[in-house]
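Enquirer: what would the 3D arrangement of this be:
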Amino acid sequence: MGSEPSTESKSAEAYVSKVVRLQTQGKPVHAAKAGIEGLTHNPENQRLLSATAEALSHQGPRKRIPVPLREAVNFVGDDWELLNNLLFLFNDGGHHALSGEALEVFWAAGGKLPSSTPWPWVNAVNGYVGLELFPEATKLARDGLAAHGHPVGYHSLASVYGHARDKQGVLDAVGDALTHDYDGFAEMRNDLELTFLAGDEDFEAAFSSVVDRRAFKANFGIYDTPAELTDLLRFHDTVGAAEYAAGFSLIATDKSHLRTWSEKPEFLDRVLLFAKADAAGSHYALWVAPGKENMSAVPVVVFGANGKASVVANSLKALLRLLGADIEPTVSSSGVAYTADPDEYDDNESEEHAAYVGWLAHQWGQTPATNPDKLVATARKKWAAQFSAWLQDHADQATTSAGAHEDLVE
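Expert: Down below sits the predicted model:
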């Protein structure tokens, strides 16, 4: 014979049966109360949680919090994980209105949600929207989510304003999400609540030149996004499509450009593409040299559209100074140069170059390079031999001309 079920299991199953029976008899209030009573003995039993949530959801349309729900949340006390179980079950069953009501009681009773997770707050905002209590939803998204350091709160705000068809509210929330580096920013464009603005000139402009935060972070794999590039990304998005350094543009990439050099993981994991370097299709990348994994101190290299690779700068700060020269680099068989060709160079500076120079000074205390090729020479002296040797070991023989790696690294 099998072992006897525990007293707790018997109790939980008994309560589940009681809740279901009372529900079937058309007594949802009694069913909810029975479920709440059972949860005091079996707080983590999912079947009982689900049955109780279902009973609570059958109280009919309401604008006021029903007694059973108040009892349920009071029972939760300070256990936000149990509360979030209830919120999830409400939303999973399509009973979003209960989420807002549940959190309202929890909050009023002195319960405190942790700042480490946004999801109870998100569930509750959805609940208020379900009740069409937009001021409450707005306050919760801003004072709860956003104020606790969760940029997803601005996404929730945009959804609330979208549900209310408030265009300016949506635009303000979208702007705040961008300012606060919300990872899911690009996804906001396709939010169902915001589809009423599809094709709107102002709405589309808010997304037109923005680099997808989540995809950009993916450029760096297991490494943290360097602070210099995080800050530059913010600046990049403030100037929109306008150019601020000749030929340069931050990108999110799938590394397809690098796969012509090698498919080896040890190559792809240490060459981190992050920007276009020129109009021809060359790309800047960080080379994570073995033993040098501080992202602010690894060298910057360029992979040219002509199949050449070269060390460019000792660090990202040095690259920022090179960008300040506002000269598109030339990647050739003789290396990389930032010397303007008088036959091709347009004396007009990039549209937002002055703004970039101001940002460079204010944010990083740096000035544009007055002799950019000297900076390149300094970096080559330190890193070129090591980079060349590493590339010979890790680039695929089949993807290099004549198999001579030393001819590809200038």
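
Enquirer: for stretch 303-322, list the C-alpha coordinates in CSV.
Expert: Presented in CSV, the C-alpha positions along stretch 303-322 are these (Å, rounded to 0.1, in the frame of the first residue of the first chain):
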residue,chain,number,x,y,z
PHE,A,303,36.8,45.4,-39.3
GLY,A,304,36.9,47.0,-42.7
ALA,A,305,34.5,46.4,-45.5
ASN,A,306,37.6,45.6,-47.6
GLY,A,307,38.5,42.6,-45.4
LYS,A,308,41.1,44.3,-43.4
ALA,A,309,41.2,44.6,-39.6
SER,A,310,43.1,47.2,-37.5
VAL,A,311,43.5,48.5,-34.0
VAL,A,312,42.0,51.9,-33.6
ALA,A,313,42.1,53.1,-30.0
ASN,A,314,43.4,52.1,-26.6
SER,A,315,40.0,52.4,-25.0
LEU,A,316,36.5,53.6,-25.6
LYS,A,317,37.3,57.0,-24.2
ALA,A,318,40.0,57.3,-26.8
LEU,A,319,37.5,56.4,-29.5
LEU,A,320,35.1,59.1,-28.2
ARG,A,321,37.9,61.6,-28.8
LEU,A,322,38.5,60.3,-32.3
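
Enquirer: roughly how far is that stretch from the heart of the chain?
Expert: Centroid displacement of stretch 303-322 relative to its chain, using Cα atoms, centre = their mean, to the nearest Å, is 27 Å.

Enquirer: what's the mean pLDDT across it?
Expert: Average pLDDT, stretch 303-322: 93.

Enquirer: and the nearest residue to W287 once chain neighbours are set aside, what are its bridge partners?
Expert: Of all residues not flanking W287 in the chain, V301 sits nearest, at 4.8 Å (Cβ to Cβ, 6 or more residues apart in numbering). Backbone N, C-alpha and C define where each C-beta goes, glycine included. V301 forms beta bridges with A285, V311, as assigned by DSSP bridges.

Enquirer: what ranges does this protein have for its strands?
Expert: Along the chain, the segments classed as strands by DSSP state E run 249-250, 271-276, 283-287, 300-303, 309-313, 330-332, 335-337.

Enquirer: okay, K112: pLDDT?
Expert: K112 is given a pLDDT of 58.

Enquirer: give me the most central residue, this structure.
Expert: D183 (1.6 Å; Cα atoms, centre = their mean).

Enquirer: quick one on the thing from earlier: contacting residues around the residue nearest to W287?
Expert: 271, 284-287, 309-312, 387 (Cβ atoms under 8 Å, 6 or more residues apart in numbering).

Enquirer: what's the closest of those to A198?
Expert: Nearest to A198 among the contacts of V301: Y284, at 34.3 Å, using Cβ to Cβ.

Enquirer: neighbours of the closest residue to that closest one other than its chain neighbours, how many?
Expert: Excluding the flanking residues, the one nearest Y284 by Cβ to Cβ, 6+ apart is A275, at 4.5 Å. Look at A275: counted by other Cβ atoms under 10 Å, it has 24 neighbours.

Enquirer: for the spatially closest residue to L197 that is not a sequence neighbour, what are its contacts?
Expert: Excluding the flanking residues, the one nearest L197 by Cβ to Cβ, 6+ apart is F203, at 4.0 Å. By Cβ under 8 Å, 6+ apart, the residues touching F203 are 167, 170-171, 174, 194, 197.

Enquirer: among those, which one sits closest to G38?
Expert: Checking the contacts of F203 one by one against G38 (Cβ to Cβ), the nearest turns out to be L194, at 41.3 Å.

Enquirer: which residues touch the residue nearest to the closest one when sequence neighbours are not counted?
Expert: The shortest distance from L194 to any non-neighbouring residue, by Cβ to Cβ, 6+ apart, is to G162 (4.4 Å). Counting by Cβ under 8 Å, 6+ apart, G162 touches 170, 191, 193-194, 196-197.

Enquirer: and the top helix by length along the chain, what does it pack against?
Expert: Counting residues, the longest helix found in the chain (DSSP state H) is helix 372-394. With contacts taken as 3 or more Cβ pairs under 8 Å, 6 or more residues apart in numbering; DSSP states H and E, helix 372-394 sits against strand 283-287, strand 309-313, helix 316-324, strand 335-337.

Enquirer: now do the buried residues in it.
Expert: Neighbour counts using 16 or more other Cβ atoms under 10 Å place 372-373, 375-376, 379-380, 383-384, 387-388, 390-392, 394 of helix 372-394 among the buried residues.

Enquirer: please apply the same query to stretch 200-218.
Expert: 203, 206-207, 210-213, 216-217.

Enquirer: show me the domain layout of this protein.
Expert: 7-211, 216-407 (automatic domain parsing).
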